[in-house]
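# starting from these lines, generate the structure:
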Amino acid sequence: MKVFVAGGTGRVAQYVIRDLLAKGDMVAAGCRHPEKLEHQEGLVPVQMDLHADVRDLAALIRGCDAVYFLAGSRGKDLLQTDAFGAVKLMQAAQQAGISRFVMLSSMFALQPEKWKQEPGIDTIIDYDIAKFFADHWLSHNTKLDWTIVQAGLLQETPGTGKIELDPAHEGGISIEDIAAVLADVLTMKNTYGKIIMAKNGDTPIKEALAAV
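Coordinates of the predicted model:
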């Protein structure tokens with residue numbers, strides 16, 4: 001497959017790109033600073049600005065088989081990047097005739113009642129507001145074959161290859177493990193139209209996803 005990854009220089013995206021390339025996929029990595037991407041066979045850096053209009057974004061992704069939205073402003077541009085940038089990329093995918101769309105989100109992003117109850121989430125409420133609108137738009141206002149992966153609090157720790165899905169409470173997850181989840185769901189039709197919440201756990205990733 002030829003896969004477009006928006007936010008290609010991000011922490012999660014770097015692992016997703018690694019995993020997709022290992023599976024034999026071709027990856028176009030969209031980012032503001034493509035020169036920061038290391039040269040890898042099968043990887044094409046693409047200059048991308050999520051402030052662009054939908055038509056320009058559609059031109060960037062046209063010809064791809066699937067799109068990932070992994071971009072994030074880390075609190076610096078929540079409306080234009082994390083919220084509206086995501087929506088514009090969804091619209092661009094539809095314009096370009098690309099049906100498969102995978103988006104990284106935040107655990108309980110669609111459950112505002114939990115934001116002040118869960119330790120950790122209460123510190124990123126503005127981010128969760130942005131993801132609330134992006135997740136809602138993707139799941140209610142598009143006809144894409146979407147999967148939303150809502151991650152627990154990201155940890156820069158070695159991956160374990162094991163997760164817990166749909167937990168009752170927030171928890172951390174290795175960036176490497178959430179990237180593996182994102183890469184694996186790409187071709188799993190049982191994850192289409194599903195919101196997958198994941199944190200560290202005891203179930204092997206492929207086993208957990210197969211049961212979705």
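# next, the buried residues of stretch 95-115.
Across stretch 95-115, burial judged by 16 or more other Cβ atoms under 10 Å covers 96, 98-110, 114-115. Any C-beta I mention is one placed from the backbone N, CA and C, and that applies to glycine too.
# report the two of these separated the most.
Farthest-apart pair in the buried residues of stretch 95-115 is A96 and K114; separation 35.1 Å (Cβ to Cβ).
# mind telling me what element the spatially most central residue of the chain is part of?
By Cα atoms, centre = their mean, the chain has its centre lying nearest to L104, at 2.5 Å. Assigning secondary structure by DSSP states H and E places L104 in strand 100-106.
# please identify the pairing partners of that strand and their relative orientation?
Strand 100-106 has its sheet partners listed here by DSSP bridges as strand 66-69 (parallel), strand 145-151 (parallel).
# starting at the chain centroid, how far to that strand?
Computed by Cα atoms, centre = their mean, to the nearest Å, the chain-centroid distance of strand 100-106 equals 4 Å.
# list of residues touching that strand?
By Cβ atoms under 8 Å, 6 or more residues apart in numbering, the list of residues contacting strand 100-106 from outside reads 12, 65-70, 72, 86, 90, 93, 121, 124, 127-128, 131, 134-135, 138, 142, 144-151, 178, 182, 185-186, 195.
# can you say which of these are buried?
Of those, these count as buried by 16+ other Cβ under 10 Å: 12, 66-70, 72, 86, 90, 93, 121, 124, 127-128, 131, 134-135, 138, 142, 144, 146-151, 178, 182, 185-186, 195.
# the residue lying closest to K36 once chain neighbours are set aside and I17, how far apart?
Leaving out its chain neighbours, the residue that sits closest to K36 by Cβ to Cβ, 6 or more residues apart in numbering is T9, at 5.0 Å. Distance of T9 to I17, computed by Cβ to Cβ, to the nearest Å: 10 Å.
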